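Colleague: here is the input, now give the coordinates:
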Amino acid sequence: MPSLIDIRRRIRSVKNTQQITKAMKMVAAAKLRRAQDRVINARPYSKMLFATLAEVVSAAKSHEEAAQNPLLEVREEKRIALIVLTSDRGLAGAFNSNVLKTAMQFMLDRPGCEFVIEAVGRKARDFFTRREMRLSGEHVGIIEKARYADAARIAAPIVERYAQGEVDAVYIIGNEFKSVISQKLTTVKLLPVQVPEEAETASFIFEQPLAELLAGLLPRYVGTILNQAMLESAASEHAARMTAMEAASTNALEVIEKLTLNMNRVRQASITREIIEVVSGAEAQ
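Modeller: Numbers count the residues shown, from 1 in each chain. Prediction:
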């Protein structure tokens, strides 16, 4: 049976850990508020850009030159670029492991395909590096403060590789932010750019030639979707960390209560034993 000193030392250690988890929960909550605002503010722009793109693509169907944009070309998927979004730090529950499991399952479901991986986040980079998998790029330290400039910088070489026919499809695997307690794993097809088949005839009058308009609009759309995915992933990370730290603090409290009860029992047993020794000594005299 552990001594009182050992139990007190363990209680003190758990209390220190609990203070850390509570502090991390508060930090995650503060960061989550800012990240959530960024996600909500960015969503309308992404939706409007997609609606505009759908109008332009719909109008371009009757223009042979515009319709031949390489980013709209659908090919058999033999070489796939996979953009995997994780965090740079852990202590976020199953946030990173779920993304990485989904990425591995995605590859297992497509035997015979060749994959190149764009790792966004330290956890993704380390995971695929340990498995000696081919990385086309690694980006650390940008996911928490995701900006369009960062997304455009990542998207540019990917767009170029697709346009040159080096890859046949590009997918993003990450988390979509739903609420503080809910994040949805998503697999989004980034390239070729897909627009609804039932898109209505364009109601805009275009001053630029449609081919030039698409050439500028499609890369911007790819960068915007990637930026939106990074914002969603950052907000989901903070929400997952906040939930994980709250659960850790609750578990620490339960451990402290159990240790305190055990300490009281040990102390009571020690007092009882000392009383018995005193009484036995008095009777012996």
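Colleague: pLDDT weak spots in the chain?
Modeller: 1, 62, 64-67, 196-204, 277, 279, 281-285 (pLDDT under 70).
Colleague: all strands for it, in order.
Modeller: Taking DSSP state E to define them, one finds strands in the chain at 79-85, 114-120, 135-139, 169-179, 182-191.
Colleague: return the most buried member of those.
Modeller: When you average the neighbours per residue for each of the strands of the chain (mean count of other Cβ atoms under 10 Å), strand 79-85 leads with a mean of 24. (Glycine included, C-beta is placed from N, CA and C.)
Colleague: ok so, going back, which one of the strands of the chain lies nearest to R8?
Modeller: Relative to R8, the nearest member of the strands of the chain by Cβ to Cβ is strand 182-191, separated by 39.5 Å.
Colleague: and the angle from the closest one to strand 169-179?
Modeller: Following axes from the mean of the first three to the mean of the last three Cα atoms, to 10 degrees, one obtains 160 degrees for the angle between strand 182-191 and strand 169-179.
Colleague: ok, the residue nearest to R147 when sequence neighbours are not counted to L72 distance?
Modeller: Once flanking residues are discounted, R147 sits nearest to N227: 7.3 Å by Cβ to Cβ, 6 or more residues apart in numbering. According to Cβ to Cβ, to the nearest Å, N227 and L72 sit 21 Å apart.
Colleague: neighbour count: these two, which is higher?
Modeller: Neighbour tally, N227 and L72, criterion other Cβ atoms under 10 Å: the higher count belongs to N227, 22 against 18.
Colleague: let me see the contact set for the more buried one.
Modeller: Contacts for N227 (Cβ atoms under 8 Å, 6 or more residues apart in numbering) come out as A42, A146, R147, Y148, D150, A151, A152.
Colleague: surely the fifth one is in contact with G137?
Modeller: No - with contact defined as Cβ atoms under 8 Å, D150 does not count as touching G137 (12.0 Å).
Colleague: check contacts around V116.
Modeller: Here V116 is in contact with R79, I80, A81, L82, R134, L135, S136, V167 (criterion: Cβ under 8 Å, 6+ apart).
Colleague: so which of the strands of the chain comes closest to A59?
Modeller: strand 182-191 (20.8 Å).
Colleague: so what does the closest one touch, helix or strand wise?
Modeller: Where contact means 3 or more Cβ pairs under 8 Å, 6 or more residues apart in numbering; DSSP states H and E, strand 182-191 is packed against helix 95-108, helix 148-163, strand 169-179, helix 210-284.
Colleague: contacts for the second one, please.
Modeller: With contact meaning Cβ under 8 Å, 6+ apart, helix 148-163 is reached by 70-71, 81, 83, 118, 120, 136-137, 139, 142, 167-168, 170, 190-192, 218-220, 222-224, 226-227, 230.
Colleague: at 7 Å what do you get?
Modeller: 70-71, 81, 118, 120, 137, 139, 142, 167, 170, 191, 219, 222-223, 226-227, 230 (Cβ atoms under 7 Å, 6 or more residues apart in numbering).
Colleague: ranking by neighbours, what's the top pick from the contacts of N227?
Modeller: A146 leads the contacts of N227 on contacts (other Cβ under 10 Å) with 25 neighbours.
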